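Trainee: sequence unknown, structure follows:
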């Protein structure tokens, strides 16, 4: 920047001024730099479409009552998944040859619809539908007694990462819930499912499947199971996480399980980084 009447050039002083921002040594020098936790008392609860919302009144009414009552003493952010309608639009889109980014855009619309419905179910306790741009307002909203509800699809949209195999977007609503919890520096992240936790196989089709009560992310990746109850991308991201070093998978069809998970009781499956 050149100021009027002088030939002197003034530059902003910056420790990164001469850096490319890709040097490995720089990353090691910066380290974690004491990153701020925006909402350290927050509990992120993911309600899947396939795992909870698609079951309708029988599951969702008591579940929302439990979460509503929890919100009287705990800070809660509810993250919604898509479910059967996402699977349908994926099937149609893949058949038509849609790119991964387009599939991500389409699936996000459905988890948004579920966020609207869940926020209305939670309205007696202050349920409020929010968008990605509202996340930085979360501390204020929680102090006002609201239960924020956000859709879980990460906002990559057309910029979604190409899948390693096939076209299904690798960052879906489990991943979105984890990323929200990590960015906000939340206290906990709980994934509500329709099974009692992580099993060695699908317990609904394989009676020999065994529950895994606790496991590390790298151990689970190494097991290379054919089917697991959460998105594999979450396991990859956990290994680089700063704030969320564990997450819990519980059966949210059982009344009280979400509350027990927030109390730290041994229930479901704990995955640690």
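Mentor: Arrived safely. What you see is a predicted model; the values in this text were computed from it and never measured.
Trainee: ok, how many other residues are close to residue 22?
Mentor: Residue 22: 7 surrounding residues under other Cβ atoms under 10 Å. For glycine as for every other residue, the C-beta is placed from the backbone atoms N, C-alpha and C.
Trainee: what sits against it?
Mentor: If a contact means Cβ atoms under 8 Å, 6 or more residues apart in numbering, then residue 22 has no contacts.
Trainee: how much space is there between it and residue 16?
Mentor: Using Cβ to Cβ, to the nearest Å, one gets 12 Å for the distance from residue 22 to residue 16.
Trainee: repeat for residue 253
Mentor: Applying Cβ to Cβ to residue 253 and residue 16 gives a distance of 50 Å.
Trainee: Also residue 252?
Mentor: Noted for residue 252: a distance of 44 Å to residue 16, by Cβ to Cβ.
Trainee: quick one, which of these two is more surrounded?
Mentor: Comparing residue 252 with residue 16 by other Cβ under 10 Å, the one with more neighbours is residue 252, at 28 against 9.
Trainee: Can you name the residues that contact the closest residue in space to that one that isn't next to it in sequence?
Mentor: Spatial nearest neighbour of residue 252, chain neighbours left out: residue 192 (3.2 Å); criterion: Cβ to Cβ, 6 or more residues apart in numbering. Residues counted as contacts of residue 192 (Cβ under 8 Å, 6+ apart) are 45-48, 51-52, 63, 250-252, 258.
Trainee: JSON lines for those residues, including pLDDT?
Mentor: Formatted as JSON lines, the contacts of residue 192 follow (pLDDT from 0 to 100):
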{"residue": "45", "pLDDT": "98"}
{"residue": "46", "pLDDT": "98"}
{"residue": "47", "pLDDT": "98"}
{"residue": "48", "pLDDT": "94"}
{"residue": "51", "pLDDT": "94"}
{"residue": "52", "pLDDT": "97"}
{"residue": "63", "pLDDT": "98"}
{"residue": "250", "pLDDT": "97"}
{"residue": "251", "pLDDT": "97"}
{"residue": "252", "pLDDT": "97"}
{"residue": "258", "pLDDT": "98"}
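Trainee: Residue 77: which of those residues is nearest?
Mentor: Nearest to residue 77 among these is residue 45, at 7.2 Å by Cβ to Cβ.
Trainee: That closest one sits in which helix or strand?
Mentor: Secondary structure assigned from DSSP states H and E places residue 45 in strand 42-47.
Trainee: after that strand, next one along is what?
Mentor: Assigned by DSSP H and E, the successor of strand 42-47 is helix 57-70.
Trainee: can you give me the offset of that next one from its chain's centre?
Mentor: Distance, stretch centre to chain centre, for helix 57-70: 20 Å (Cα atoms, centre = their mean, to the nearest Å).
Trainee: which helices and strands sit right next to that helix?
Mentor: Other elements packing on helix 57-70 under the criterion 3 or more Cβ pairs under 8 Å, 6 or more residues apart in numbering; DSSP states H and E are strand 75-80, helix 100-121, helix 257-262.
Trainee: Which residue is the nearest non-sequential neighbour of residue 170?
Mentor: Nearest one to residue 170, counting by Cβ to Cβ, 6+ apart, is residue 233 at 4.8 Å.
Trainee: In contact with that neighbour, which residues?
Mentor: Per Cβ under 8 Å, 6+ apart, neighbours of residue 233: 170-172, 174-175.
Trainee: re the thing from before, regarding the residue nearest to residue 252, what is its secondary structure?
Mentor: strand (DSSP: H, G, I helix; E, B strand; the rest coil).
Trainee: how near is it to residue 272?
Mentor: Distance from residue 192 to residue 272, by Cβ to Cβ: 19 Å.
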